[in-house]
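J.: here is my input; please provide its structure:
(one chain, ligands or ions: 1)
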Amino acid sequence: MKNRIIGIMGAIPQEIDGVVHLLSNKKEHKIGNRIYYTGEINNQQIVVVFSRVGKVAAATTVSTLIIKFNITELVFTGVAGAIHPSLKIGDIVLGRTLIQYDMSAEPLFPKFEIPLLKKSYFDSDQSLLDISSNAIKTLLEDNYLHHVIDESDLNKFDIHSPKLHIGLIASGDLFFSTTKQKENLQNMLPDVLCVEMEGAAVAQVCYEFDLPFTVIRTISDEADEEATIDFTKFIEKISNVYSIEIIKNIIK
Ligand code: ADE
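T.: So this is what the prediction gives:
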């Protein structure tokens, strides 16, 4: 059997800093303007990297993880804006399926379809989904969050009993900061739970390399006019901690 090597990716440094700190025997590798950290968590070989924001940055980074570091699976962790009204800030979305909402080569190809690939939707790996879902449930149950995040920070973001949602994530090269953008996406794709800027690009590359992946997103904002208020603070105080705890639970 192939040696497992798990790639862990985020878009910005604050999303993966905490995970980098979990590595033992840590080494840095600079390739293509990114730093890939190799090491171990619980004797499991890991490569951690932040890609920078957007689909191109993410696709390039995951390709390097696959080709240069021989990863056998990929976990993407980061934040997203809520699109479905059932979501609240502090909830977690696991992407069962991902779509690039800004892909359209109409009328040559159907809207959202990746030209010549005949695919619009990319599915995450069921076994990684199950492992991640259990890891997230452990974090969210029994008030565990209150042991790892300051009460004042949870209150500041109005996080009381966050929930796990599993479903469709939409990705594109736009940060949503108006209600109009949000409503457009809701009308185009009513099943979408949340919006972000990398997941479906990562999903496409993993599909093409036949690599199991999963995308885990903490809801940082409601993809509206208030989306940028406290964005960085949320990542530092809340989602960074979520990522550390979820990764620890995944790699037990
Ligand atoms: N990631 C986190 N919040 C987002 C938003 N509002 N739009 C796009 N990506 C995001």
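
J.: any idea what the spatially most central residue of the chain is bridged to?
T.: Nearest to the mean C-alpha position of the chain, counting by Cα atoms, centre = their mean, stands Thr77 at 3.5 Å. Counting by DSSP bridges, Thr77 is bridged to Ile216.

J.: quick check: it vs Glu225, distance?
T.: Look at Thr77 and Glu225: by Cβ to Cβ, to the nearest Å, they are 26 Å apart. For the C-beta atoms, the positions are set from N, CA and C on the backbone; glycine is no exception.

J.: ok, Ile136 to Ile166 distance?
T.: For Ile136, the distance to Ile166 - Cβ to Cβ - is 9 Å.

J.: tell me which of the two has more neighbours.
T.: Taking neighbours as other Cβ atoms under 10 Å, Ile136 and Ile166 compare with Ile136 leading, 25 against 16.

J.: where's that one, which helix or strand?
T.: In this assignment (DSSP states H and E), Ile136 forms part of helix 126-140.

J.: Val48 too?
T.: Applying DSSP H and E, one finds Val48 within strand 44-50.

J.: how far does that strand sit from its chain's centre?
T.: 15 Å (Cα atoms, centre = their mean, to the nearest Å).

J.: quick check: Asp224 touching Phe176?
T.: Yes. Between Asp224 and Phe176 there is a contact at 7.4 Å, judged by Cβ atoms under 8 Å.

J.: who's in contact with Met188?
T.: Residues counted as contacts of Met188 (Cβ atoms under 8 Å, 6 or more residues apart in numbering) are Tyr101.

J.: pull the contacting residues for the closest residue in space to Met103 that isn't next to it in sequence.
T.: Computed as Cβ to Cβ, 6 or more residues apart in numbering, the closest residue to Met103 that is not its neighbour in sequence is Phe112, at 5.6 Å. Each residue near Phe112 by Cβ under 8 Å, 6+ apart is listed here: Ile99, Gln100, Tyr101, Met103, Ser104, Ser120, Leu189.

J.: could you do Leu94 as well?
T.: Leu94 neighbours (Cβ under 8 Å, 6+ apart): Ser124, Leu129, Ser132, Ser133, Ile136, Leu164, His165, Ile166, Thr214, Val215, Ile216, Arg217.

J.: ok, so of these, who is nearest the ligand?
T.: Arg217 (7.8 Å; Cβ to the nearest ligand atom).

J.: give me the neighbour count for that closest one.
T.: When neighbours are counted by other Cβ under 10 Å, Arg217 comes out with 27.

J.: ok, now Ser133?
T.: Ser133: 17 neighbours (other Cβ under 10 Å).

J.: how far away is Gly167 from His84?
T.: Plainly put, Gly167 is 8 Å away from His84 if you go by Cβ to Cβ.

J.: which neighbours do these two share?
T.: Leu193.

J.: residue of this protein with the smallest distance to the ligand?
T.: Here the chain gets closest to the ligand at one residue, Gly81, 2.8 Å apart by Cβ to the nearest ligand atom.

J.: what is that residue paired to in the beta sheet?
T.: On the basis of DSSP bridges, Gly81 takes part in beta bridges with Val195, Asp221.

J.: and it, what's its pLDDT?
T.: Reported pLDDT at Gly81 in the predicted model: 97.

J.: below-threshold pLDDT in the chain: ranges please.
T.: Along the chain, the parts satisfying pLDDT under 70 run over 1-2.

J.: show me what from it comes close to the ligand.
T.: On the criterion Cβ under 6 Å from any ligand atom, the ligand has as its neighbours in the chain the residues Val79, Ala80, Gly81, Phe175, Phe176, Val195, Glu196, Met197, Ser220, Asp221, Ala223, Ala227.

J.: need those residues in a markdown table (columns: neighbour count).
T.: Below are the residues of the chain next to the ligand laid out as a markdown table (neighbours: other Cβ atoms under 10 Å):
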| residue | neighbour count |
| --- | --- |
| Val79 | 26 |
| Ala80 | 30 |
| Gly81 | 26 |
| Phe175 | 17 |
| Phe176 | 25 |
| Val195 | 26 |
| Glu196 | 27 |
| Met197 | 23 |
| Ser220 | 25 |
| Asp221 | 23 |
| Ala223 | 26 |
| Ala227 | 20 |
